[in-house]
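A.B. asks: sequence isn't available, so here's the structure alone:
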């Protein structure tokens, strides 16, 4: 049996539980620059990692990701794979799903309206404990802007960690806040629709 045949049998044995996340499908679709040396199989493969606060769920596309090129070694002597080289590529800004990223990062914010007859209504946010006095026809921009300020320090850290240039960093923050603002507005409007006020 050839080294490659051994490797394919190894992938078949592990299914989706291979220690380095390799599968037969990924190998067939993404592997390139393949060669054998000293009894081992080597190949390169494009891999992705979540970025900019996006979450990773197996089988689902990521809202934001960075690409890297990993070089793998399969050693039939101990029937194992290892990453022998990894080169990080740039983060793909064109593929960012801002609406999905905003939903992931703002999902835990929850809103509730309470009566406050003299000045309108109290809008309460459960995660932070913050509250505002609002009118029925207000667009809630002030409340949303206050919530979005919570992300400023986080993004300053994460954008520096990702080594993103200032122009792309600025565009990212603007686009994220636009999507997050719309998502939070929808949550507030749903809370308004669900509110029960005393007559």
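C.D. replies: Yes, it's here. Predicted model, so just to flag it, every value in this text is computed and none were measured.
A.B. asks: shaky segments in the protein?
C.D. replies: Where the chain drops to pLDDT under 70, the residues are 117, 136-138, 197-199.
A.B. asks: ok, longest helix in it?
C.D. replies: helix 166-194 (DSSP state H).
A.B. asks: from the contact counts, what lies against that one?
C.D. replies: Judged by 3 or more CB pairs under 8 Å, 6 or more residues apart in numbering; DSSP states H and E, helix 166-194 is in contact with helix 98-106, strand 111-116, helix 141-161. Where you see a C-beta, it was placed from the backbone N, CA and C, and this is true even at glycine.
A.B. asks: residues contacting residue 83?
C.D. replies: Residues in contact with residue 83 (CB atoms under 8 Å, 6 or more residues apart in numbering) are 20, 70, 71, 72, 73.
A.B. asks: which ones are touching the first one?
C.D. replies: Put plainly, it is residue 20. 72, 81, 82, 83.
A.B. asks: out of those, which is most surrounded?
C.D. replies: The residue in the contacts of residue 20 with the most neighbours, by other CB atoms under 10 Å, is residue 72 (23 neighbours).
A.B. asks: the helix or strand hosting it: how far from the chain's middle?
C.D. replies: In the assignment (DSSP states H and E), residue 72 maps to strand 65-75. Relative to the chain's own centre, strand 65-75 is displaced by 20 Å; criterion: CA atoms, centre = their mean, to the nearest Å.
A.B. asks: check stretch 31-48 too.
C.D. replies: 28 Å.
A.B. asks: can you check stretch 29-41 too?
C.D. replies: That offset, for stretch 29-41, works out to 31 Å (CA atoms, centre = their mean).
A.B. asks: coming back round to it: nearest to residue 90, of the helices and strands packed on helix 166-194?
C.D. replies: When the helices and strands packed on helix 166-194 are compared by CB to CB, helix 141-161 sits nearest residue 90, at 13.5 Å.
A.B. asks: tilt between that closest one and helix 98-106?
C.D. replies: Taking axes from the mean of the first three to the mean of the last three CA atoms, to 10 degrees, helix 141-161 and helix 98-106 form an angle of 100 degrees between their directions.
A.B. asks: now do helix 141-161: distance to the chain's middle.
C.D. replies: On the basis of CA atoms, centre = their mean, helix 141-161 sits 16 Å off its chain's mean C-alpha point.
A.B. asks: what does that helix rub up against?
C.D. replies: Against helix 141-161 from outside (CB under 8 Å, 6+ apart): 52-53, 105-106, 109, 123, 125, 128, 130, 132, 134, 169, 172-173, 176-177, 180-181, 184-185, 188.
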